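**Q** let's see this in three dimensions:
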Amino acid sequence: MSDRIRCSCRRCTIRSLMGPAIIITIGVLFLLSEMRGGYLDFSNTYPVILIVIGAVSLAAALAPTEGHVSSAGAPAIPTAPGLSSPQAPGPSSGAPQGQRP
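**A** Numbering: from 1, shown residues only. Model (predicted):
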């Protein structure tokens, strides 16, 4: 599938339910609109979607992050022992600082 590492902490698990919760809510609202009509029209019940988004966001914010895997970036590559990283040249060329040539 993918080489991306997936986080399995509770916060990320709850956040991954946002899309399915919105799709199910829209489906239920359209079903109510078709069955009952009138006041349960989609134009009157769309704030329910905002409530679902808020509820899922609140649940994700309150969930613990134990075991969270951050995707901030790739880990640093360690250097081999005995090799130093190249340094940028200093303000003076070759002469140690604080001493005159």
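**Q** could you list the low-pLDDT ranges of the chain?
**A** Counting by pLDDT under 70, the chain shows low-confidence ranges at 1-4, 71-101.
**Q** helices of that one, residue ranges please.
**A** Counting by DSSP state H, the chain has these helices, from start to end: 10-15, 18-35, 42-45, 47-62.
**Q** which one, of the ones you listed, ends up nearest to Val69?
**A** Comparing these by their distance to Val69 (CB to CB), the top pick is helix 10-15, with 8.2 Å. Using the backbone N, CA and C atoms, a C-beta is placed for each residue, glycine as well.
**Q** just checking, what packs against the closest one?
**A** On a contact count with 3 or more CB pairs under 8 Å, 6 or more residues apart in numbering; DSSP states H and E, helix 10-15 meets helix 47-62.
**Q** list the buried residues of the helix it packs on.
**A** Val52, Val56, Ala60 (16 or more other CB atoms under 10 Å).
**Q** let's have the residues you listed in TSV, adding distance to Pro20.
**A** Output for the buried residues of helix 47-62, formatted as TSV (distance: CB to CB, whole Å):
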residue	distance to Pro20
Val52	11
Val56	10
Ala60	14
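**Q** what's the nearest residue to Phe42 if we skip its chain neighbours?
**A** Excluding its sequence neighbours, the residue lying closest to Phe42 (CB to CB, 6 or more residues apart in numbering) is Ser33, at 4.9 Å.
**Q** which one of the helices of the chain lies nearest to Ser70?
**A** When the helices of the chain are compared (using CB to CB), the closest one is helix 10-15, at 10.5 Å.
**Q** tell me which residues of the closest one come out buried.
**A** Using 16+ other CB under 10 Å as the burial criterion, the residues of helix 10-15 that qualify are Arg10, Arg11, Cys12, Ile14, Arg15.
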